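Novice: Predicted model and sequence below, questions to follow.
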There are 2 protein chains.
Amino acid sequence: MTKLFVVGTGPGDSSLVAPKAISAITASTDLVAYGLYLKILGGVCDGKQHHDLPLGEEIGRARLALDLAAAGKTTSLISSGDIGIYAMATLVFELLDQQLQGKENHPEWLDVEIEVIPGISAMQAGAARVGAMLGHDFCTVSLSDLLTPWETIEKRIHSAGSGDFVVSFYNPVSKKRDWQLNSARDILLQYRPASTPVLIGRQLTRPDESIKITTLAELDAKDVDMFTLVSVGNSESRHIVNGSKEWVYTPRGYKKKLI
Amino acid sequence: MTKLFVVGTGPGDSSLVAPKAISAITASTDLVAYGLYLKILGGVCDGKQHHDLPLGEEIGRARLALDLAAAGKTTSLISSGDIGIYAMATLVFELLDQQLQGKENHPEWLDVEIEVIPGISAMQAGAARVGAMLGHDFCTVSLSDLLTPWETIEKRIHSAGSGDFVVSFYNPVSKKRDWQLNSARDILLQYRPASTPVLIGRQLTRPDESIKITTLAELDAKDVDMFTLVSVGNSESRHIVNGSKEWVYTPRGYKKKLI
């Protein structure tokens, strides 16, 4: 039997890595991951064969993981966050799908047993860090237009606005993409107050974490980089200040029923 | 110093509980939680004072946790899944907010140090179990109209449809609510194909887990109970079958760029 673990290791803090993820890595001889992720994981990766590929070569990484597993090496394909959310897991199944349709020539992939292990995603780490931003209906929107036309993304932000979802933006900016976040802000401003609380969370749960709570009107792409999560509250989200502590939470519902 | 941990323990499988959650419980003398959750956690809860309240008394549970912590007892308020997602965390901050506004008479709550620890939510466990359903933009919608008017929920489902988000329905049915899920299905059918893959995941990651992959047209509330997560793919989600295995994944984007 050949086995591929597809493993999410959470936002960074090693105490947020599930034991199941550690067991998968322990059981593997080969790891496919960015070097940075393995550094965070520490000792459990020692003595494993580490395979890396340049940033951007996601499909190559998924292929490599399937190839290694098909060759009989128990393999973990690893990413930070939840590997099922905007990450590598879906590429593995995209390749399997291609093979099943006869568009690839790797029948050996079909014999690989695949197990996906979820992890804590950035929006969850951010929400917990400032209180309870995801207390009610929410959505995620990736602002990367590399694979999705901007028109589709724009439409989706309008829908997030009309539905009054709490919105977490993944891939908010990159070196080559700097205007999308401000456009997204302007769209949401058509639907919810300028005072809506916004979380700008950089390097969440990592040693150099920084947290900024601002408003939708003040949100600006210049304060955001590719290591940052941006979450925008819904029209009922509240920013509260208790001495030196500040929190953001989104109430459970729209009928105030606190007794 | 008084301390309250607000802890999510994931979908059920103890190997998906973060070490940070275990540390919090270990450090606590008092636990506020349903008995069932503690059973899953096992030995780490031994010797702790366990406080339970009847199902439905969520606000009472949050009050109790704040009161215990304010009285100097290190306390963990625990729920399954991610306690920040449709769960207890937001109630703690709602109570703090009330106190800050002078609508409560518990100034001692304001001295409690609060730490929220996120957990794996049901949508993540479900997506991982069947592959990678959350590979692209998604949203969650609670179908409980106890605190949110149905008109608001309905509007939100329309937005989920127009935005072509993968949709996870939380609280899809209960003993008293049986028609909302079918209404939600009918709304989504206005926006995406009848063949859209749907996951019906019951008791995810627990010993009596059951998984059913069906289509949007076939989704029926009679197959769903309150222990079930329902996730509906977007218009590009794929259901693939490889021998005895079946998977659902949502491609990363809308431009097919597989090489």
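Specialist: On my side now, so go ahead. Numbers count the residues shown, from 1 in each chain, chains lettered A, B, ... in the order given.
Novice: Please tell me how far the helix or strand containing A:Ile213 is from the chain's geometric centre.
Specialist: If you go by DSSP states H and E, A:Ile213 is part of strand A:210-215. Counting by C-alpha atoms, centre = their mean, to the nearest Å, strand A:210-215 is centred 19 Å from the centre of its parent chain.
Novice: Next, the angle from the next helix or strand after that strand to strand A:210-215.
Specialist: With elements assigned by DSSP H and E, the helix or strand that comes after strand A:210-215 is strand A:228-232. Put simply, strand A:228-232 runs at 30 degrees to strand A:210-215, going by axes from the mean of the first three to the mean of the last three C-alpha atoms, to 10 degrees.
Novice: ok, back up a step: with chain B in mind, check whether the strand holding A:Ile213 reaches it.
Specialist: No: with C-beta under 8 Å from any C-beta of the partner chain as the criterion, chain B is not reached by strand A:210-215; the gap is at least 13.0 Å. The way it works is simple: take the backbone N, C-alpha and C, and place the C-beta from them, glycine included.
Novice: Stretch A:147-167 too?
Specialist: Yes: applying C-beta under 8 Å from any C-beta, one finds stretch A:147-167 touching chain B at A:147-149, A:152, A:155-156, A:158-160, A:162-165.
Novice: Tell me the most packed of the residues you listed, by neighbour count.
Specialist: Neighbour tally across the residues of stretch A:147-167 next to chain B (other C-beta atoms under 10 Å in any protein chain shown): the maximum, 31 neighbours, falls on A:Ala160.
Novice: wait, is that residue part of a helix?
Specialist: Yes: per DSSP: H, G, I helix; E, B strand; the rest coil, A:Ala160 lies within a helix segment.
Novice: returning to that earlier point: including pLDDT, could the residues of stretch A:147-167 next to chain B go into JSON lines?
Specialist: Formatted as JSON lines, the residues of stretch A:147-167 next to chain B follow (pLDDT from 0 to 100):
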{"residue": "A:Leu147", "pLDDT": "85"}
{"residue": "A:Thr148", "pLDDT": "90"}
{"residue": "A:Pro149", "pLDDT": "92"}
{"residue": "A:Thr152", "pLDDT": "94"}
{"residue": "A:Lys155", "pLDDT": "97"}
{"residue": "A:Arg156", "pLDDT": "97"}
{"residue": "A:His158", "pLDDT": "98"}
{"residue": "A:Ser159", "pLDDT": "98"}
{"residue": "A:Ala160", "pLDDT": "98"}
{"residue": "A:Ser162", "pLDDT": "98"}
{"residue": "A:Gly163", "pLDDT": "98"}
{"residue": "A:Asp164", "pLDDT": "97"}
{"residue": "A:Phe165", "pLDDT": "98"}
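Novice: A:Ile153 and A:Asn171, how far apart?
Specialist: Here the criterion is C-beta to C-beta, to the nearest Å. By it, A:Ile153 lies 10 Å from A:Asn171.
Novice: Between these two, tell me which one has more neighbours.
Specialist: A:Ile153 (23 against 18).
Novice: relative to helix B:150-162, how tilted is the one helix or strand the more buried one maps to?
Specialist: Here A:Ile153 sits within helix A:150-162, counting by DSSP H and E. Relative orientation of helix A:150-162 and helix B:150-162, computed by the same axes, to 10 degrees: 170 degrees.
Novice: So which elements touch helix A:150-162?
Specialist: Using 3 or more C-beta pairs under 8 Å, 6 or more residues apart in numbering or on different chains; DSSP states H and E as the contact test, the elements touching helix A:150-162 are strand A:138-142, helix A:180-188, helix B:150-162.
Novice: so how far is that helix off the chain centroid?
Specialist: That offset, for helix A:150-162, works out to 19 Å (C-alpha atoms, centre = their mean).
Novice: what element comes up after it heading to the C-terminus?
Specialist: Taking DSSP H and E, what comes next after helix A:150-162 is strand A:166-170.
Novice: elements contacting that next one?
Specialist: Strand A:166-170 packs on helix A:122-130, strand A:138-142, helix A:180-188, strand A:228-232, going by 3+ C-beta pairs under 8 Å, 6+ apart.
Novice: picking that back up, okay if I get the helices and strands packed on helix A:150-162 as CSV plus distance to B:Met133?
Specialist: Shown next, in CSV, are the helices and strands packed on helix A:150-162 (distance: least, C-beta to C-beta, whole Å):
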stretch, distance to B:Met133
strand A:138-142, 13
helix A:180-188, 24
helix B:150-162, 14
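Novice: among these, which is the most enclosed?
Specialist: strand A:138-142 (a mean of 26; mean count of other C-beta atoms under 10 Å in any protein chain shown).
Novice: what's that strand in contact with?
Specialist: A:85-86, A:123, A:148, A:153, A:156-157, A:160, A:163, A:165-171, A:184, A:234, A:250, B:85, B:136-140, B:160, B:163, B:165 (C-beta atoms under 8 Å, 6 or more residues apart in numbering or on different chains).
Novice: what helices or strands is the helix or strand of chain A with the lowest mean pLDDT leaning on?
Specialist: Of all helical and strand segments in chain A, the minimum by mean pLDDT, DSSP states H and E falls on helix A:35-41, at a mean of 78. Contact here means 3+ C-beta pairs under 8 Å, 6+ apart; on that basis helix A:35-41 packs against strand A:75-79.
Novice: any idea which helix or strand comes after the strand it packs on?
Specialist: From strand A:75-79, the next helix or strand downstream (DSSP H and E) is helix A:89-100.
Novice: In the residues of stretch A:147-167 next to chain B, find the pair that's most separated.
Specialist: Within the residues of stretch A:147-167 next to chain B, A:Leu147 and A:Asp164 form the most distant pair, 27.2 Å apart (C-beta to C-beta).
Novice: Would you map out the domains in chain A?
Specialist: A:2-120, A:123-249 (automatic domain parsing).
Novice: could I get those domains as TSV with distance to B:Lys3?
Specialist: Listed next are the domains of chain A as TSV, based on distance: least, C-beta to C-beta, whole Å:
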stretch	distance to B:Lys3
domain A:2-120	16
domain A:123-249	13
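Novice: What is the end-to-end distance of stretch A:219-234?
Specialist: By C-alpha to C-alpha, to the nearest Å, the extent of stretch A:219-234 from end to end equals 15 Å.
Novice: Buried ones in it, by neighbour count?
Specialist: By 16 or more other C-beta atoms under 10 Å in any protein chain shown, the buried positions in stretch A:219-234 come out as A:Leu219, A:Ala221, A:Asp223, A:Val224, A:Thr228, A:Leu229, A:Val230, A:Ser231, A:Val232, A:Gly233, A:Asn234.
Novice: quick one, what contacts the third one?
Specialist: Contacts of A:Asp223 were listed using C-beta under 8 Å, 6+ apart, and they are A:Ile200, A:Lys212, A:Thr214.
Novice: how about a cut-off of 6 Å?
Specialist: A:Ile200 (C-beta atoms under 6 Å, 6 or more residues apart in numbering or on different chains).
Novice: how much space between it and B:Leu41?
Specialist: A:Asp223 is 40 Å from B:Leu41, by C-beta to C-beta.
Novice: could you redo the helices and strands packed on strand A:166-170 as TSV and give each row mean pLDDT?
Specialist: Shown next, in TSV, are the helices and strands packed on strand A:166-170 (pLDDT from 0 to 100):
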stretch	mean pLDDT
helix A:122-130	98
strand A:138-142	98
helix A:180-188	98
strand A:228-232	97
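Novice: Mind checking those for the one nearest to A:Val112?
Specialist: Per C-beta to C-beta, nearest to A:Val112 of the helices and strands packed on strand A:166-170: strand A:138-142, 27.6 Å.
Novice: What is the burial count for A:Val92?
Specialist: A:Val92: 27 neighbours (other C-beta under 10 Å).
Novice: repeat for A:Pro107
Specialist: Neighbour tally, A:Pro107, other C-beta under 10 Å: 11.
Novice: So what's the residue count around the residue lying closest to it once chain neighbours are set aside?
Specialist: Nearest non-adjacent residue to A:Pro107, counting by C-beta to C-beta, 6 or more residues apart in numbering or on different chains: A:Gln99, 7.0 Å away. Using other C-beta under 10 Å, A:Gln99 has 19 neighbouring residues.
Novice: Could you do A:Gln49 as well?
Specialist: Neighbour tally, A:Gln49, other C-beta under 10 Å: 12.
Novice: I'm done for today, thanks for sticking with me.
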